[in-house]
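Asker: next one to model:
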Amino acid sequence: QVQLVESGGGLVQAGGSLRLSCAASGRTFSSYIMGWFRQAPGREREFATAISRTGGSTDYADSVKGRFTISRDNAKNMVYLQMNSLKPEDTAVYYCAAGSASFTRNANWYNYWGQGTQVTVSS
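Answerer: Here you go, the predicted structure:
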């Protein structure tokens, strides 16, 4: 069982930056693929980025590539999302997720989810 708690969301102007954090409970954090997903009002949840168990591989949606950076610290059971050059279309609830299967963008393969943190980007 893994519990995930996100933090770091807030209101920022377009062009600004935010850093999201996700704290995970449990002794097997390093065995999970970690991902960030987001859901904007009236839209389906979408993949943003994922990181492999060791942190050696990452994957980004085209919409965030070059602006967002995912990282993890297995010693601290933490995963981070650095978001730069934020745009109004980045406004969404951001969810941290943990998966025990393959490195994937498919939300169905992620077993555990946090409650989400709101990110609002004003124009």
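Asker: surely A48 touches D62?
Answerer: No: at 10.7 Å, A48 does not count as touching D62 under the criterion of CB atoms under 8 Å. Placement of C-beta: from N, CA and C, glycine included.
Asker: element containing L86, please.
Answerer: With the criterion set as DSSP states H and E, no secondary-structure element contains L86; it sits in neither a helix nor a strand.
Asker: who touches it in this structure?
Answerer: L86 makes contacts with V12, A14, G15, G16, S17, L18, R67, V119, V121, as judged by CB atoms under 8 Å, 6 or more residues apart in numbering.
Asker: more neighbours: which of A48 and D62?
Answerer: In this view A48 and D62 are compared by other CB atoms under 10 Å, and A48 has more residues nearby, 24 against 6.
Asker: A101 contacts N108, doesn't it?
Answerer: No: with contact defined as CB under 8 Å, A101 does not reach N108; the gap is 9.4 Å.
Asker: more neighbours: these two, which one.
Answerer: A101 (12 against 8).
Asker: which residue packs closest to that one, ignoring adjacent ones?
Answerer: Closest residue to A101 in three dimensions, ignoring its sequence neighbours and counting by CB to CB, 6 or more residues apart in numbering: W109, at 4.6 Å.
Asker: using PDB, write out every CA atom in the helix or strand encompassing I70.
Answerer: Under DSSP H and E, the secondary-structure element containing I70 is strand 68-73. Coordinates of each C-alpha in strand 68-73 appear next as PDB, following Å, rounded to 0.1, in the frame of the first residue of the first chain:
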ATOM      1  CA  PHE A  68       8.300  20.600 -17.000                       C
ATOM      2  CA  THR A  69      10.900  18.400 -15.300                       C
ATOM      3  CA  ILE A  70      10.100  15.400 -13.200                       C
ATOM      4  CA  SER A  71      12.600  14.000 -10.600                       C
ATOM      5  CA  ARG A  72      12.600  11.700  -7.700                       C
ATOM      6  CA  ASP A  73      14.500  11.100  -4.500                       C
END
